[in-house]
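Student: the following comprises the amino acid sequence and a computationally predicted model.
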Amino acid sequence: MNRVLLTTIIAAALSGCVSSNPVNTTPDGYRLQKFSQGTVSVGKSANLLAAGSWSVSCPTDAMTDKRNCSITSLSGALFIDYGSSPTPQRVCLLSHDAPGMTALIRVDSHPAVATDAQGCVPASRIIHQMRSGSTFLARVGAINDWSPDLRPVIKDERASLEGLNKAMETVADIRAGKLAVKP
């Protein structure tokens, strides 16, 4: 009997029916699921990799006691870095790994913006477009480990911007103490 009960509990946990991470649903239908170390998943789907799902991370720095926040779209490899600032400081492409090569970022039909060699652009150049846009496009250089000469391959990526404003609101709520998360 204990084996059946244990199997049922494990199956429920793996299927997402039971979670040790608290979930709140906002009036506008967004799920806020808290994880350890100041991380919150924001999106309308329980699937963390679904388009429109964002990971908000605001751990407290052990040396300064300040929150260092960032927002990541796991489905589009998009990273918005706040650092210890209350506003976004840079937008980066996590999949850009071609040394010395710039990438391109485009929101909807706006002109493309070139990144630096690390795949980042100052947030002030593009965040306003992202907040009102629907689609984030990126052209990145990626190194293929299997290639004998390690030349970067150019590839295009796309991410939904649905839920970005809710993720940014979540960062503001954490910083203001309106949303309690573990440091």
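Tutor: Happy to help now that I have it. Remember, predicted model here, so these are calculated numbers, not experimental data.
Student: middle-most residue in the protein, spatially?
Tutor: In the chain, the residue lying closest to the centroid (C-alpha atoms, centre = their mean) is residue 72, at 1.2 Å.
Student: the closest residue to residue 113 other than its chain neighbours: which element?
Tutor: Leaving aside its chain neighbours, residue 113 sits nearest to residue 105 (5.0 Å; criterion: C-beta to C-beta, 6 or more residues apart in numbering). Quick note: C-beta positions are derived from backbone N, CA and C, even for glycine. Secondary structure assigned from DSSP states H and E places residue 105 in strand 104-107.
Student: chain center to the helix or strand following that strand: distance?
Tutor: For strand 104-107, the succeeding helix or strand toward the C-terminus, using DSSP H and E, is strand 113-114. Centroid separation between strand 113-114 and its chain, computed with C-alpha atoms, centre = their mean, to the nearest Å, is 20 Å.
Student: residues in contact with strand 113-114?
Tutor: Residues from elsewhere that reach strand 113-114 (C-beta atoms under 8 Å, 6 or more residues apart in numbering): 102-106, 121, 125-126.
Student: ranges for the helices of this structure?
Tutor: Remark: helices assigned in the chain by DSSP state H are 2-15, 127-132, 164-176.
Student: packing partners of the last one?
Tutor: Based on contacts counted as 3 or more C-beta pairs under 8 Å, 6 or more residues apart in numbering; DSSP states H and E, the elements that helix 164-176 packs against are strand 39-43, strand 54-57, strand 69-73, helix 127-132.
Student: for the ones you listed, give me JSON lines that also has distance to residue 115.
Tutor: As requested, the helices and strands packed on helix 164-176 are arranged in JSON lines below (distance: least, C-beta to C-beta, whole Å):
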{"stretch": "strand 39-43", "distance to residue 115": "25"}
{"stretch": "strand 54-57", "distance to residue 115": "20"}
{"stretch": "strand 69-73", "distance to residue 115": "16"}
{"stretch": "helix 127-132", "distance to residue 115": "14"}
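Student: so which of these gets nearest residue 162?
Tutor: Comparison of these against residue 162 by C-beta to C-beta identifies strand 39-43 as nearest, at 8.3 Å.
Student: who is residue 121 paired with across the strands?
Tutor: Counting by DSSP bridges, residue 121 is bridged to residue 91.
Student: and it, how far from residue 132?
Tutor: Separation of residue 121 from residue 132 (C-beta to C-beta, to the nearest Å): 17 Å.
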